[in-house]
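Participant: this one's structure only:
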């Protein structure tokens, strides 16, 4: 016969069994049921256990969709650990006070349902702390509403929930990582649905992208909506795959290996919950990380779907070759600003050079090298600010080095547009042509590039002309996108038949 001590020891080393036998959660229908992890939760569990076995610690950044059960799994995991480990402190930080209260009540509800023989007795219980003094462990909830929360604590377990929606996100995450133990057994889960790539949400975006690098201590984990088996709907008798302005069901099904029942579920969800807006569905129920983040660019002049599709296309490899040079830095290479060179061939774009803090002379040498290598028909250079007269000096350098050079043109983003009826200035005109090219063309499969392409918003002036958002009102300088836009200067004149 199994003793109490043996049962506790068994549950300690078999958390999935503990969940199913002892933990209860409220289902979406409102029933109190035994906690049986779903597909998403099992993936998170598997990744966490794998990382723990390899490194002794867990450091996961999770990009998720809505209602997949990520938060439920992590809070159950932490409850299991503090109940079975001496001296463990767990902190769950949420973006809203009400969310914290709700999560804590769910934890308390689960604790109450556990057989008294297999749980420690709490000595402190309020709306934010569940403490077990006998084993010196506790579970604490906090809100990311003010700077410095939780910094004084030493933590073994940290769960950052919906990080992309936190105020002062960068401040909080830095503070929490200082407080988190680096010893074996410590765990950190940062999870969120996407909320864009700028402002406070930039912290989660940057951490997720960093976690994709194998050298990072953190590992990024993306869980698409169709991982959950429940996200499918019975088909009507007359069901056929359809094509809409924003998405093609046949292509979507093929890209992700979906069933018709899953596609139909997505169709119904888009129609009923998102007012037929596919881009908004992608934010809440993403199929890949890119559309999750880039789908939030609501006022971007270049729509997310255009960029996503351009990233997927293979270059066609024909058409005029053009270089676009966005000039950063300063005379001596001490500025942190970045200079970028883009290459365009027909409707295909590629970033071929980028560097921070490059001097004007070194940049000219680099452009000259690339002109020699690619022999472009046109080279368009940003001559605003530090780029003043760079076009003239570049031609002189190419002649000195005996590098054949065709037309080099200096471009001022704020100068008059060729078509002043439709566009307020040269920048608006170039971005318009860039957008048109990307509708049918390709670009680098780069999240950093997409962030740049979606950074700039737009408006219409009193004459209904296109006007791009001023760079001084942006949280980032879209150097990569500007270099690509320069490749599109005077496109209707020099690229007849391309558009």
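Facilitator: On my side now, so go ahead. The model shown is predicted, which means the values in this text are computed figures rather than measured ones.

Participant: Look up the closest residue to residue 134, ignoring the ones flanking it.
Facilitator: residue 120 (5.7 Å; C-beta to C-beta, 6 or more residues apart in numbering). Every residue, glycine included, has its C-beta placed from N, CA and C.

Participant: Same question for residue 426.
Facilitator: residue 415 (4.6 Å).

Participant: I figured that neighbour was touching residue 428, is that so?
Facilitator: No - here residue 415 does not reach residue 428: they are 11.2 Å apart, not a contact under C-beta atoms under 8 Å.

Participant: who's more crowded, the two?
Facilitator: With neighbours defined as other C-beta atoms under 10 Å, residue 415 and residue 428 compare such that residue 428 has more, 22 against 14.

Participant: Doesn't that one lie inside a helix?
Facilitator: Yes - secondary structure of residue 428 (DSSP: H, G, I helix; E, B strand; the rest coil): part of a helix.

Participant: and the gap between it and residue 465?
Facilitator: 7 Å (C-beta to C-beta, to the nearest Å).

Participant: just to revisit the earlier point, per-residue confidence for the residue nearest to residue 134?
Facilitator: At residue 120, the model reports a pLDDT of 85.

Participant: these two touch, right, it and residue 86?
Facilitator: No - the pair residue 120 / residue 86 is not scored as a contact, 10.1 Å apart, by C-beta under 8 Å.

Participant: so what sits against both of these two?
Facilitator: 135, 137 (C-beta atoms under 8 Å, 6 or more residues apart in numbering).

Participant: Of the two, which one has the most company?
Facilitator: Counted by other C-beta under 10 Å, residue 120 and residue 86 do not tie: residue 120 has more neighbours, with 16 against 10.

Participant: Provide the backbone phi and psi angles at that one.
Facilitator: phi -70, psi 160 (degrees, to the nearest 10).

Participant: for it, what are its contacts?
Facilitator: Residue 120 touches 83, 132, 134-135, 137, counting by C-beta under 8 Å, 6+ apart.

Participant: Considering these, which possesses the most neighbours?
Facilitator: In the contacts of residue 120, the most neighbours by other C-beta under 10 Å go to residue 83, 24 neighbours.

Participant: returning to that earlier point: from the contacts of residue 120, which has minimum pLDDT?
Facilitator: The minimum pLDDT among the contacts of residue 120 falls on residue 134, with 84.

Participant: Determine which two of the contacts of residue 120 are furthest apart.
Facilitator: Maximum pairwise distance among the contacts of residue 120 (C-beta to C-beta): 11.0 Å, between 83 and 134.

Participant: gap between the residue nearest to residue 134 and residue 293?
Facilitator: Distance from residue 120 to residue 293, by C-beta to C-beta: 42 Å.

Participant: Report the buried residues of stretch 90-108.
Facilitator: Within stretch 90-108, the residues that count as buried by 16 or more other C-beta atoms under 10 Å are 90-95, 99-100, 103-104, 106-108.

Participant: from those, which ones fall inside strands?
Facilitator: 90-94 (DSSP state E).

Participant: Could you save these as TSV and add columns showing pLDDT and distance to residue 390?
Facilitator: Shown next, in TSV, are those (pLDDT from 0 to 100; distance: C-beta to C-beta, whole Å):
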residue	pLDDT	distance to residue 390
90	89	57
91	89	53
92	89	53
93	88	49
94	85	51
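
Participant: Not counting its neighbours along the chain, what's nearest residue 255?
Facilitator: Per C-beta to C-beta, 6+ apart, closest to residue 255 is residue 287, 7.6 Å.

Participant: count of residues packed around that neighbour?
Facilitator: 19.

Participant: can I assume it is in contact with residue 224?
Facilitator: Yes - the criterion here is C-beta under 8 Å, and residue 287 meets it with residue 224 at 5.1 Å.

Participant: what residues are shared contacts of those two?
Facilitator: residue 256.

Participant: any idea where the helices of the stretch 301-450 of the chain begin and end?
Facilitator: 304-312, 360-374, 390-400, 426-440, 447-453 (DSSP state H, counting those that start in this stretch).

Participant: Quick one: mean pLDDT for the last one?
Facilitator: Along helix 447-453, the predicted confidence averages to a pLDDT of 84.

Participant: same deal with the first one?
Facilitator: With pLDDT averaged residue by residue, helix 304-312 scores 83.

Participant: The second one now?
Facilitator: Per-residue pLDDT values across helix 360-374 average out to 93.

Participant: Strands of the stretch 1-150 of the chain, start to end?
Facilitator: Secondary structure of the stretch 1-150 of the chain (DSSP state E, counting those that start in this stretch): strands at 24-26, 32-34, 58-63, 89-94, 124-125, 129-132, 137-143.
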